[in-house]
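here is my input, please return the structure:
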Amino acid sequence: MYNRQAAVDYANRWWNGRNPAYPSFDVDCTNYISQCLRAGGAPMHGYPNRERGWWIQGGTWSFSWSVAHSLRWYLGSSKKGLTARQVSSAEQLDLGDVIAYDFQGDGRFDHSTIVTAKDGAVPLVNAHTYDVRQRHWAYKDSYAYSPNAKYIFFKINDQFS
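Model prediction:
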């Protein structure tokens, strides 16, 4: 069962630091989101094939663990272990859910965040690379934002298969 509060607690503990138990990347957003999901109890599978599943083990990791575009496709299609369903609006998300960002609107997703609080119905997110805590989910004040930005809202399934 997904422990949303544990994922959020981890996100808030490490939002502006790096957990030495994990590798750190120059572009660290998805690695950080994966750590948060793992802290919430999300099961890993697919090792040692880097192109399958979602995992980190033995000094290596799946592409979905560390690459925003790969995590987007993993969450959008996984039927085993960590799974999610896509919803149509940010307001449908709960704590511990994930947003994938395609800032240029070119089909290549380049950022991931986790919902750590809500301002009314509006999700606030944490992220790495440019470390943020409880930022408005839309990132409209970000250097990376463009009017073409597209988002995918993922509700993490509470039960794991």
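
OK, contacts around the residue nearest in space to the middle of the chain?
With distances taken as C-alpha atoms, centre = their mean, Ile33 lies nearest the centre of the chain, 3.9 Å away. By C-beta atoms under 8 Å, 6 or more residues apart in numbering, Ile33 lies in contact with 71, 98, 112-114, 127. C-beta here means a position set from N, CA and C on the backbone, and glycine is covered the same way.

closest to His136 among the residues you listed?
The nearest member of the contacts of Ile33 to His136, counting by C-beta to C-beta, is Thr113 at 10.5 Å.

contacts for the helix or strand hosting that closest one?
Using DSSP states H and E, Thr113 falls within strand 111-119. By C-beta under 8 Å, 6+ apart, the surrounding residues in contact with strand 111-119 are 7-8, 11-12, 15, 29-30, 33, 36-37, 68, 71-72, 93-101, 103, 123-127, 129, 133-137, 139, 144.

in strands only, show me these.
Judged by DSSP state E, the subset of the contacts of strand 111-119 located in strands is 98-101, 123-127, 133-136.

any chance of TSV for these, columns distance to Gly58, pLDDT and neighbour count?
Shown next, in TSV, are those (distance: C-beta to C-beta, whole Å; pLDDT from 0 to 100; neighbours: other C-beta atoms under 10 Å):
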residue	distance to Gly58	pLDDT	neighbour count
Val98	25	98	25
Ile99	30	98	23
Ala100	27	98	24
Tyr101	30	97	25
Pro123	35	98	26
Leu124	35	98	17
Val125	31	98	27
Asn126	28	98	25
Ala127	27	98	26
Arg133	31	98	14
Gln134	34	98	16
Arg135	34	97	20
His136	38	96	15
